[in-house]
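Asker: Here you go, sequence then predicted model.
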Amino acid sequence: MKLLFKPFGIAAGIVATKASTAIFDQVWHRVDGGHLPSADVREDPAGRAVLAAALQAAIFAGTTAAVSRYGMHVFEHTFGHWPGDHREIESGAAD
């Protein structure tokens, strides 16, 4: 099933990237309103550059996880099988 899911996963990755970029642009505009700072530009304050990178990473990770998870649910609903991994249930859990 994982091989059959690959094209869906690639499409979901493209959607997640575009959505993440749009969300980050909106959030950064509300947080700072200015240009996006870069760690490579001497005139950009280090704090702003680090904040922008951390915020961008968090938004990209969250959006990617959400889109991937939703895509797996759609795949499972369509084909009847979960394309991801399954966690084995431990027997005799310690108290």
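Answerer: Sure, I can see it.

Asker: And the helices in the protein?
Answerer: Taking DSSP state H as the criterion, the chain contains helices spanning 2-31, 46-79.

Asker: right, and those helices - which one's nearest Pro37?
Answerer: Closest approach to Pro37 among those is made by helix 46-79 (4.3 Å; C-beta to C-beta). (Each C-beta comes from the backbone N, C-alpha and C, glycine too.)

Asker: Packing partners of that closest one?
Answerer: Where contact means 3 or more C-beta pairs under 8 Å, 6 or more residues apart in numbering; DSSP states H and E, helix 46-79 is packed against helix 2-31.

Asker: mind listing what's buried in the helix it packs on?
Answerer: Within helix 2-31, the residues that qualify as buried by neighbour count (16 or more other C-beta atoms under 10 Å) are Phe5, Phe8, Gly9, Ala12, Val15, Ala16, Ala19, Ser20, Phe24, Trp28.

Asker: Quick check: which ranges of this protein have low pLDDT?
Answerer: Within the chain, the segments meeting pLDDT under 70 span 92-95.

Asker: Now with 90, please.
Answerer: Under the criterion pLDDT under 90, the flagged ranges of the chain are 1-5, 8-9, 31-36, 38-41, 44, 47-48, 81-82, 84-95.

Asker: ok, the residue positioned nearest the centre of it - contacts?
Answerer: Most central in the chain under C-alpha atoms, centre = their mean is Thr64, positioned 2.2 Å from the mean C-alpha point. Shown in contact with Thr64 (C-beta atoms under 8 Å, 6 or more residues apart in numbering): Gly13, Ala16, Thr17, Ser20.

Asker: now the first one, nearest residue through space, not along the chain?
Answerer: Taking C-beta to C-beta, 6 or more residues apart in numbering, and ignoring the residues beside it in sequence, Gly13 has Thr64 as its nearest neighbour in space, at 7.4 Å.

Asker: ok so, going back, will you turn the helices of the chain into CSV that also has distance to Ser38?
Answerer: Shown next, in CSV, are the helices of the chain (distance: least, C-beta to C-beta, whole Å):
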stretch, distance to Ser38
helix 2-31, 13
helix 46-79, 6
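
Asker: With respect to Glu88, which of the ones you listed lies nearest?
Answerer: Nearest to Glu88, of all those, is helix 2-31, at 17.3 Å by C-beta to C-beta.
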